[in-house]
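next input, structure requested:
(one chain, ligands or ions: 2)
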Amino acid sequence: HRKYVAFPPVRKRNRLWPDQVIQKAPTWCAVDLRDGNQALVKPMSVAQKQRLFDLLVKLGFKEIEIGFPAASQPDFEFCRKLIDENRIPGDVTIQVLTQARAELIARTFEALKGASRAVVHVYNSTSTVQREQVFGLDREGIRRIAVSGAEIVRDFAAGYPDTDWTFQYSPESFTGTELDFAVEVIDAVNDVWRPDCGQKVIINLPATVEMSTPNVFADQVEWVCDHIRYREHVSVSVHTHNDRGCAVAAAELAVMAGADRVEGTLMGNGERTGNMDLVTMAMNLYSQGVDPCLDLSGMAEITDVVEACTEIPTHPRHPYAGELVFTAFSGSHQDAIRKCLAQCDEGQAWNVAYLPINPSDVGRRYDEVVRINSQSGKGGVAYVLERDYGISLPRWLQIEFSKLVQKEAERNGGELDSDTIHGLFESCYLQV
Ligand code: KIV
Ligand code: ZN
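Ligands and ions are numbered 1, 2, ... in the order given. Below you'll find the predicted structure:
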């Protein structure tokens with residue numbers, strides 16, 4: 001992806017991120033089948049889950065959270081189906097969520113029996129509001145829940161030595177948790193799991209509710225990275241939600257601040273305003289010349305499958321994926337795009353005004369880029385005739401003909417396709 005050049009960062013006197021741009025893709029974990037699914041009006045059927053799982057595998061995700069089997073029978077059955085029918089590729093690890101409660105952890109291990117590899121993701125809520133108003137517990141009470149969950153997970157895993165286990169802990173509602181307390185709980189969990197003795201551990205920091213600007217979240221992540229014990233032995237993950245509309249930005253800054261791993265969903269489906277959109281973040285990296293290690297070149301298939309499984313349509317302006325995101329109707333944009341495309345050579349850095357990436361990189365066609373309505377100008381009209389009919393107009397005719405096209409578009413009130421534009425051209429200039 002060397003054709004994309006990162007824009008030089010602005011150095012701020014008071015804030016120097018460890019790396020001003022992301023140099024390397026984080027490890028991705030797709031949580032569509034768990035967080036995405038739990039937020040749907042109509043939860044996915046097992047067939048829909050299988051279809052989405054297969055898509056995630058095809059796109060290159062190596063870690064996929066497939067459900068909360070102890071809380072949902074369809075999730076349990078789906079987990080069993082994947083394992084019993086041998087549907088998990090050798091380089092893919094499934095992850096399942098559980099609360100830090102003995103009976104739920106027991107059921108979780110039942111769901112995972114026979115898996116060759118798995119991440120057991122255990123969580124409990126740590127924020128002040130949850131402590132005081134939901135659980136009626138003090139810090140010590142909450143810390144004990146986490147430690148006992150960690151112990152039960154460790155002990156169950158020991159009973160299944162043929163599975164390659166990774167343990168993941170999330171202090172849920174991390175963004176509402178005092179940082180010193182979050183670190184205290186994480187340290188206590190790690191004291192049980194001992195990542196320094198070879199146990200694979202992921203510490204996941206969720207913006208369960210996005211409560212601050214992305215830089216503040218990233219500062220929290222950096223603070224945790226700097227203060228937890230065992231930092232060099234654990235993978236630090238982030239899991240951002242989009243309540244303020246900044247989930248992608250928060251995850252990007254968190255990676256700059258030290259996170260190794262990012263959880264999210266395709267197109268950002270998830271609780272409330274959704275999870276961090278994996279498509280947007282991966283393509284943001286791609287457009288800066290960083291290989292996301294995901295294949296998003298078939299965007300139409302991605303949106304088709306996600307829409308079929310979630311029953312949520314893709315917004316026409318959804319970054320990189322929406323119907324209109326590579327389209328220009330206005331004259332000045334069309335003119336600039338036409339000039340840049342004419343000078344854009346294969347193999348050179350992509351440098352086209354108004355198009356952050358080459359639409360063909362996500363499987364989009366050039367004829368979607370310039371579309372004609374009453375706001376379009378001579379450049380757009382000339383581009384369409386040249387592209388679709390090989391007719392190249394001199395400048396005076398571009399000006400004259402585009403006025404006729406504009407009048408016709410005003411009359412019609414919407415868009416004119418290239419056949420209509422060509423027909424108008426023929427009737428005005430080519431008839432004897
Ligand atoms: O948003 C959240 O906090 C979660 C956790 C369970 C990781 O989904
Ligand atoms: Zn979540």
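
return the residues of this protein in contact with ligand 1.
By the rule Cβ under 6 Å from any ligand atom, the part of the chain lying against ligand 1 is 35, 97, 123, 170, 172, 204, 206, 208, 239, 241. Using the backbone N, CA and C atoms, a C-beta is placed for each residue, glycine as well.

how about a cut-off of 5 Å?
When proximity is defined as Cβ under 5 Å from any ligand atom, the chain approaches ligand 1 at 35, 123, 170, 172, 206, 208, 239.

for the first one, which three-state class applies?
Of the three states, residue 35 takes helix under DSSP: H, G, I helix; E, B strand; the rest coil.

residue contacts, the closest residue to it other than its chain neighbours?
Among residues not flanking residue 35 along the chain, residue 270 sits closest, at 4.6 Å (Cβ to Cβ, 6 or more residues apart in numbering). For residue 270, the contact set (Cβ atoms under 8 Å, 6 or more residues apart in numbering) comprises 31, 35-36, 39, 241-242.

sec struct for residue 132, please.
helix.

run a quick neighbour tally on it.
11 (other Cβ atoms under 10 Å).

longest helix of the protein?
The residue-count maximum for a helix in the chain (DSSP state H) belongs to helix 139-158.

what about the residue nearest to residue 35, which SS state?
coil.

run through the helices of the stretch 301-432 of the chain in chain order.
Secondary structure of the stretch 301-432 of the chain (DSSP state H, counting those that start in this stretch): helices at 331-343, 378-389, 395-412, 418-425.

by contact count, what packs against the shortest one?
Counting by 3 or more Cβ pairs under 8 Å, 6 or more residues apart in numbering; DSSP states H and E, the packing neighbours recorded for helix 418-425 are helix 378-389, helix 395-412.

quick one: residues in contact with it.
Against helix 418-425 from outside (Cβ under 8 Å, 6+ apart): 367, 372, 381, 384-385, 387-389, 391, 401, 404-405, 408, 416.

residues contacting the most centrally placed residue in the chain?
In the chain, the C-alpha nearest the mean C-alpha coordinate belongs to residue 278, at 1.1 Å (Cα atoms, centre = their mean). Contacts for residue 278 were tallied using Cβ under 8 Å, 6+ apart; they are 28, 30, 262, 264-266, 294.

of these, which is the most crowded?
residue 264 (32 neighbours).

in the stretch 151-300 of the chain, which spans are strands?
164-172, 200-207, 234-240, 261-264 (DSSP state E, counting those that start in this stretch).

touching, residue 84 and residue 113? I think so.
No. Contact criterion Cβ atoms under 8 Å: residue 84 and residue 113 do not qualify, at 9.7 Å.

out of these two, which sits in the more crowded spot?
More crowded of residue 84 and residue 113, by other Cβ under 10 Å: residue 113, with 15 against 11.

surely the more buried one meets residue 160?
Yes. Shown here, residue 113 and residue 160 form a contact pair, counting by Cβ under 8 Å, at 6.9 Å.

surely residue 358 meets residue 350?
Yes. Between residue 358 and residue 350 there is a contact under Cβ under 8 Å: 5.4 Å.

any common contacting residues for the two?
residue 3.

okay, residue 361 and residue 424: tell me how far apart.
Distance of residue 361 to residue 424, given as Cβ to Cβ, to the nearest Å: 33 Å.

brilliant, that's me finished.
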